[in-house]
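Undergrad: Next one to model:
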Amino acid sequence: MGPTAAATPRAARLFLVASALINAAPLWAAKYLPFTDLPEHVAAAATLRHWFDPAWRDPQTYVLAFGKSQYLAYHVAVALLDVDGQHADLANRIVLTAVAVALPFAMRSLLRAYGTDERLALFACPLFWCRPLVIGFLPYMAALPVLLFALALAVHQVRAPTRRRALGLAALAVLVFYLHVSAYAVLVLVAMALTVLPPFPDPAPPRRRLASLAWLVPSLMALGAWLVLSDQEGGPALLTSETAVRYVPQARLGIFFAAWTHDLWVSHLDEYLAVAFWLLFLWLGAQRGVAEPGGARAVAARFAPFACVLFLYLVVPFKVGAGAMLNVRLGVLLALFVLLVPRPDPGPASRWPFLLAVVMLVMGATNAAFQIRGSQRELGDLDAVIAQIPPGARVLSLHFERDSAYTHSAPWVHVLAHHRTRRGGVASMSFSEMSHWPIQYRPEARPPRKSVMFWDFEPCLFRNSEDGDYYDFVVSRGVRDPFALAPPGPKWRELSSVGLFRVFAKIAEPEAELRARRDQGTRLDDLGPCAPEGRAVP
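TA: Numbering: from 1, shown residues only. A predicted model of the protein is given here:
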């Protein structure tokens, strides 16, 4: 292998530790994080944790569907960390913190393997704060440091294969697969590119390099099992459940890269810091203090991982069937792999860019903490809402007010899943209604189906005559009263109003009155909660 960057001094290592911890600190800035899908992941982990707890009675409502899902590793990790069964949210926060701290160190291991300046790992810290995080793609985020660690080992394995390293790589590859298929696709593609263009001189013969990929076999077997064992509605069949295939126009892919990599908050400080981030990176890349070992071939080898992800970014659709945001989430990996390309001057001339990068990192972390705390105030007293809902209840949340003054995503549409996390039961709309989730509803216990998959963004589709009998409570967010038009179906009474939340409990009725009411009102009489001037909303 070519000459590697000099070992980082102890002070520089401590510098990276401090930077990683500062970068992760905003995850502890508020009780509820404004990451859209986060409550669903925590609820899934809590259900796993309490699966054999008779008080929760979850097996009466749900069924384990491990063969259909890829998110097992994340949910199992959170469930295992929730030792006493009462702190799934804390366990999830610990896992996220570990991901944030591990990301720059995983990047450092890859930089070392490629023989370039490992100080560039500092630039991986702010890349944790990306759009996939705030949307709540938590398994995908957890896959990123594991992917980088695996690729670092893969570089060494191509150079000098060993059985011990192959076993470690096999375990990491299976872990990446059971975190997220997108990261796994990148792992396979970059690992194959390593055999064609290894980042060191005098490589082994091609046959030996291909043999060094034997560690991929167990994860490819897991992929095959996922393809075979998933039924016609699960696993990869999710991508064929709808016919629509949507591409992002090529001219807009650059804008999407910037948005998905850096633009989290409604305020513009994150965009300004992103511009400064890349200017500093270009400053470092323009420095030429040492000769390039290996010449143009070495540069091409370091560029290969970026090229692989760029290929996927350009050719993978934005949406295939029910799978969406498939290519744009790769933007953060594009940014991570471009860190491999430059070889900055290792001397004093490069210190200022790194010091300025730390200043920007602190500013970005401070801004993230400020935005998270503001989102917490925007949410209101969720605990007071959940306190009114008994354990095991079936709850429907209708978010007529979804926009946030702080994040670009709708951060609270799944927030009532925290009821399920603490008390079991149902919080709909839930990802358990989707065919790729590891915990799904039993057919006889699933909520009424809707015409769109993510109907949490379409609360106007609620029909009391169709949906009301299933639920015990309805929690709305916004000024609209979902029962103002007295729709046919069960009767509800408002328990309280907590900020933008309104809590409604179903009124128990004698069976004779229930039959009479059902005879009187029909589905066609139900105009829905958003009907203007007496007209039904389609």
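Undergrad: Can you tell me the number of residues neighbouring Arg420?
TA: Neighbours of Arg420 under the rule other CB atoms under 10 Å: 31. Quick note: C-beta positions are derived from backbone N, CA and C, even for glycine.
Undergrad: show me what contacts it?
TA: Contacts for Arg420 (CB atoms under 8 Å, 6 or more residues apart in numbering) come out as 43, 46-47, 395, 426-427, 430.
Undergrad: Looking at the residues you listed, which are in strands?
TA: 395, 426-427 (DSSP state E).
Undergrad: and of the residues you listed, the nearest to Leu361?
TA: Ala427 (36.0 Å; CB to CB).
Undergrad: quick one: Trp455 and Met429 touch, right?
TA: Yes. In this structure Trp455 lies within contact range of Met429 using CB atoms under 8 Å: 5.6 Å.
Undergrad: Counting neighbours, go ahead and name the busier of the two.
TA: Met429 (27 against 17).
Undergrad: From Leu356, how far off is the more buried one?
TA: 45 Å (CB to CB, to the nearest Å).
Undergrad: can you count the residues close to the closest residue to Phe137 other than its chain neighbours?
TA: Take Phe137 and drop its neighbours on the chain: the residue closest to it by CB to CB, 6 or more residues apart in numbering is Arg329, 6.3 Å away. When neighbours are defined as other CB under 10 Å, Arg329 has 24 of them.
Undergrad: what secondary structure does Arg329 sit in?
TA: helix (DSSP: H, G, I helix; E, B strand; the rest coil).
Undergrad: Could you measure from it over to His180?
TA: Counting by CB to CB, the gap from Arg329 to His180 is 9 Å.
Undergrad: Ok, Pro34 next?
TA: 21 Å.
Undergrad: Next: Met107.
TA: For Met107, the distance to His180 - CB to CB - is 18 Å.
Undergrad: quick one, helices of the stretch 101-250 of the chain?
TA: 131-135, 138-159, 163-177, 181-196, 206-211, 217-229 (DSSP state H, counting those that start in this stretch).
Undergrad: would a markdown table of those helices with mean neighbour count, mean pLDDT and distance to Tyr71 be doable?
TA: Formatted as a markdown table, the helices of the stretch 101-250 of the chain follow (neighbours: other CB atoms under 10 Å; pLDDT from 0 to 100; distance: least, CB to CB, whole Å):
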| stretch | mean neighbour count | mean pLDDT | distance to Tyr71 |
| --- | --- | --- | --- |
| helix 131-135 | 24 | 96 | 14 |
| helix 138-159 | 24 | 96 | 5 |
| helix 163-177 | 18 | 96 | 11 |
| helix 181-196 | 21 | 94 | 10 |
| helix 206-211 | 13 | 77 | 31 |
| helix 217-229 | 14 | 88 | 12 |
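Undergrad: so which of the ones you listed gets nearest Ser19?
TA: helix 138-159 (15.0 Å).
Undergrad: now the strands: where do they sit in this structure?
TA: So, for the chain - with DSSP E - the strands run 62-64, 245-246, 319-320, 323-324, 394-399, 426-428, 439-441, 473-477, 492-498, 501-506.
Undergrad: who's in contact with the last one?
TA: In this structure, residues lying in contact with strand 501-506 by CB under 8 Å, 6+ apart are 380, 382, 385, 388-389, 468, 471-477, 481-483, 490-497.
Undergrad: mind running it again at 6 Å?
TA: Applying CB atoms under 6 Å, 6 or more residues apart in numbering, the external contacts of strand 501-506 come out as 385, 388, 472-477, 490, 492-496.
Undergrad: Then the second one?
TA: The contact list for strand 245-246, computed with CB under 6 Å, 6+ apart, reads 317-320.
Undergrad: For the most centrally placed residue in the chain, what are phi and psi?
TA: Central residue of the chain (CA atoms, centre = their mean): Phe137, 1.0 Å from the mean position. Dihedral angles of Phe137 (phi, psi; degrees, to the nearest 10) stand at phi -80, psi 70.
Undergrad: tally of neighbours for the residue lying closest to Leu339 once chain neighbours are set aside?
TA: Using CB to CB, 6+ apart and skipping residues adjacent in sequence, the residue nearest Leu339 is Leu120, 4.8 Å away. When neighbours are defined as other CB under 10 Å, Leu120 has 27 of them.
Undergrad: and Leu120, how far is that from Met141?
TA: Distance from Leu120 to Met141, by CB to CB: 20 Å.
Undergrad: Arg377 now?
TA: Arg377 is 25 Å from Met141, by CB to CB.
Undergrad: What is the longest helix seen in the chain packed up against?
TA: When the chain is parsed with DSSP state H, its longest helix is helix 351-379. With contacts defined as 3 or more CB pairs under 6 Å, 6 or more residues apart in numbering; DSSP states H and E, helix 351-379 has these neighbours: helix 10-24, helix 269-286.
Undergrad: now do 10 Å
TA: helix 10-24, helix 131-135, helix 269-286 (3 or more CB pairs under 10 Å, 6 or more residues apart in numbering; DSSP states H and E).
Undergrad: Report the buried residues of stretch 352-370.
TA: By neighbour count, with 16 or more other CB atoms under 10 Å as the criterion, the buried positions of stretch 352-370 are 353-354, 357-358, 360-361, 363-365, 367-370.
Undergrad: next one: stretch 309-329
TA: Buried residues in stretch 309-329, counted by 16+ other CB under 10 Å: 309-310, 312-313, 316-329.
Undergrad: With stretch 407-423 instead?
TA: Residues 407, 409-423 are the ones in stretch 407-423 that count as buried (16+ other CB under 10 Å).
Undergrad: before we move on, the earlier item: of all the helices of the stretch 101-250 of the chain, which one is nearest Thr116?
TA: Nearest of these (CB to CB): helix 138-159, 11.6 Å.
Undergrad: ok, back up a step: pull up the overlap in contacts between Trp455 and Met429.
TA: Counting by CB atoms under 10 Å, 6 or more residues apart in numbering, the contacts common to Trp455 and Met429 are 398, 461.
Undergrad: follow-up on the earlier one: what is the nearest of the buried residues of stretch 407-423 to Ile255?
TA: Ser409 (17.0 Å).
Undergrad: picking that back up, to Arg93, which of the helices of the stretch 101-250 of the chain lies closest?
TA: That would be helix 138-159 among the helices of the stretch 101-250 of the chain, by CB to CB, at 10.8 Å.
Undergrad: Between helix 163-177 and that closest one, find me the angle.
TA: 160 degrees (axes from the mean of the first three to the mean of the last three CA atoms, to 10 degrees).
Undergrad: pLDDT at the closest residue to Val503 other than its chain neighbours, what is it?
TA: Nearest residue to Val503 in three dimensions, chain neighbours excluded: Leu495, at 4.4 Å (CB to CB, 6+ apart). On the pLDDT scale, Leu495 is placed at 94.
Undergrad: can you tell me how far Leu495 sits from Ala173?
TA: Distance from Leu495 to Ala173, by CB to CB: 51 Å.
Undergrad: So for stretch 110-122, first residue to last residue, what's the gap.
TA: Using CA to CA, to the nearest Å, one end of stretch 110-122 lies 13 Å from the other.
Undergrad: Counting neighbours, which bits of that stretch end up buried?
TA: 110-122.
Undergrad: any idea how far Ala193 is from the residue nearest to Leu339?
TA: For Leu120, the distance to Ala193 - CB to CB - is 20 Å.
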